[in-house]
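S.K.: sequence and predicted structure, then a few things I'm wondering about:
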Amino acid sequence: MPYDVALADRIRMVLAEELLGGELDDDEGDLGLVEEKKMFGGLGFMVAGHLAVCAGSKGDLMVRVDPAEIDALCADADVEPMAMAGRTSKSWVNVAPEALTDDALSAWIERGVTAARSASRR
């Protein structure tokens, strides 16, 4: 099954609001601003050349996070560390669809954009 199209559209709307609201700009190194790429069976949204969030196939959201915050974030029952090929990520979480209210989705996307920006500065 391909990525969740409705979730991808919601992500686009949040990112567009951030673009129009000035949250994403070239002063922060967001050159090219947002690029979409199909990956991992989902649709990834890249900021400043780094993956920030990804719409999954089951309505779930994969989010790049600060590794120092992953344990606290995963204390929430709707959030778990990403696991691929038997390996658990230290900088990616998966957020369950039922936890993605409009406000929560915006907050998760903001967290992913912040982490992508940090990755671009390394």
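M.R.: That came through, no problem. Numbering: from 1, shown residues only.
S.K.: every contact and neighbour count from this point should use C-alpha atoms.
M.R.: Noted.
S.K.: would you mark the buried spots in stretch 108-122?
M.R.: 108-117, 119 (16 or more other Cα atoms under 10 Å).
S.K.: possible to save these as TSV with distance to residue 92, secondary structure and pLDDT?
M.R.: Shown next, in TSV, are the buried residues of stretch 108-122 (distance: Cα to Cα, whole Å; DSSP: H, G, I helix; E, B strand; the rest coil; pLDDT from 0 to 100):
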residue	distance to residue 92	secondary structure	pLDDT
108	12	helix	97
109	12	helix	95
110	14	helix	91
111	11	helix	94
112	9	helix	95
113	12	helix	90
114	13	helix	89
115	10	helix	92
116	11	helix	90
117	15	helix	84
119	13	helix	80
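S.K.: including distance to residue 73, could those residues go into JSON lines?
M.R.: Shown next, in JSON lines, are the buried residues of stretch 108-122 (distance: Cα to Cα, whole Å):
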{"residue": "108", "distance to residue 73": "11"}
{"residue": "109", "distance to residue 73": "14"}
{"residue": "110", "distance to residue 73": "14"}
{"residue": "111", "distance to residue 73": "11"}
{"residue": "112", "distance to residue 73": "13"}
{"residue": "113", "distance to residue 73": "16"}
{"residue": "114", "distance to residue 73": "15"}
{"residue": "115", "distance to residue 73": "14"}
{"residue": "116", "distance to residue 73": "17"}
{"residue": "117", "distance to residue 73": "19"}
{"residue": "119", "distance to residue 73": "19"}
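S.K.: which of those residues sits closest to residue 79?
M.R.: Comparing the buried residues of stretch 108-122 against residue 79 with Cα to Cα places residue 108 closest, at 10.9 Å.
S.K.: might you report the residue contacts of the closest residue to that closest one other than its chain neighbours?
M.R.: Nearest non-adjacent residue to residue 108, counting by Cα to Cα, 6 or more residues apart in numbering: residue 63, 6.9 Å away. Residue 63 makes contacts with 52-54, 92-95, 108-109, 111-112, as judged by Cα atoms under 8 Å, 6 or more residues apart in numbering.
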